[in-house]
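based on what follows, work out the 3D shape:
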Amino acid sequence: MARLPSAWALLLLAGAVLVVYSDMVNGDVIPNVSFHTAKFGLSSWGAAPGVNNLRVAFWVKVTTYSSTVQDLTGTGLWKLSLSASRTNVTSGAPDIKQSLSSGQSSTPLSGGVLHIKTEAVLSGMGGCDGDKAYICFKLAKGDNPHPLFKLASPIKGCLKLPLKCKE
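The predicted structure follows:
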């Protein structure tokens, strides 16, 4: 007579099945994205309305590891937060939680490269001692991307702004 598996064995088997399918939704595999390199660049900068406000236009270009190169097209894929900082390290909550428009947050990852151009206005910027002379970025997965995907880790970086002391 054949012995039936115990309840524990069935639960263990069910757990293994859940692990195997944890990267799937409705039968579709959830893509995994791992960024390898990141470059940030300043396109332009200048005064914006308001005391010590700065308007910056910049770009972010990231590439994936060759083993994870996969095109990703959809909506709400990316979130780019910005912070003004006195040093090239940012801490605390960002000044701007999402600097991308809905169209920019839907920029496709194509051929292992994501290239986003955007602009923002940051308050409290200046170029004299004690002022915030760096703009720091954090590129992460959007809050509700479609399609779903996993991002190994966000990309962070800071740029020194070419600011001069105000008279």
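
and Leu122, what pLDDT?
Leu122 is assigned a predicted lDDT (pLDDT) of 77.

check contacts around it.
Contacts for Leu122 were tallied using Cβ atoms under 8 Å, 6 or more residues apart in numbering; they are 53-54, 56, 82, 84, 95-96, 132, 135. (Each C-beta comes from the backbone N, C-alpha and C, glycine too.)

now Lys141: closest residue in space, sequence neighbours ignored.
Leu151 (4.2 Å; Cβ to Cβ, 6 or more residues apart in numbering).

what does Leu109 give?
With Cβ to Cβ, 6+ apart, the residue lying closest to Leu109 is Leu72, at 4.0 Å.

surely that neighbour is in contact with Asn32?
No: the criterion here is Cβ atoms under 8 Å, and Leu72 misses it with Asn32 at 10.2 Å.

thought the residue nearest to Lys141 was touching Gly142?
No: checked against Cβ under 8 Å, the pair Leu151 and Gly142 is beyond contact range at 9.5 Å.

ranges for the strands of the protein?
Taking DSSP state E, the strands of the chain run over residues 24-25, 28-29, 32-33, 35-47, 54-64, 78-85, 113-122, 134-141, 150-151, 155-160.

could those go into TSV alongside distance to Gly103?
Shown next, in TSV, are the strands of the chain (distance: least, Cβ to Cβ, whole Å):
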stretch	distance to Gly103
strand 24-25	25
strand 28-29	25
strand 32-33	20
strand 35-47	17
strand 54-64	15
strand 78-85	11
strand 113-122	10
strand 134-141	16
strand 150-151	20
strand 155-160	20
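
Ser106: which of those strands is closest?
Smallest distance to Ser106 across the strands of the chain (Cβ to Cβ): 7.9 Å, for strand 78-85.

Pro31 and Asp71 touch, don't they?
No: with contact defined as Cβ under 8 Å, Pro31 does not reach Asp71; the gap is 9.0 Å.

who has more neighbours, the two?
Pro31 (17 against 10; other Cβ atoms under 10 Å).

anything in contact with each of Leu72 and Asn32?
The contact sets of Leu72 and Asn32 overlap at Phe149 (Cβ under 8 Å, 6+ apart).

so which of the two has more stuff around it?
Using other Cβ under 10 Å as the criterion, Leu72 and Asn32 rank with Leu72 on top: 17 against 13.
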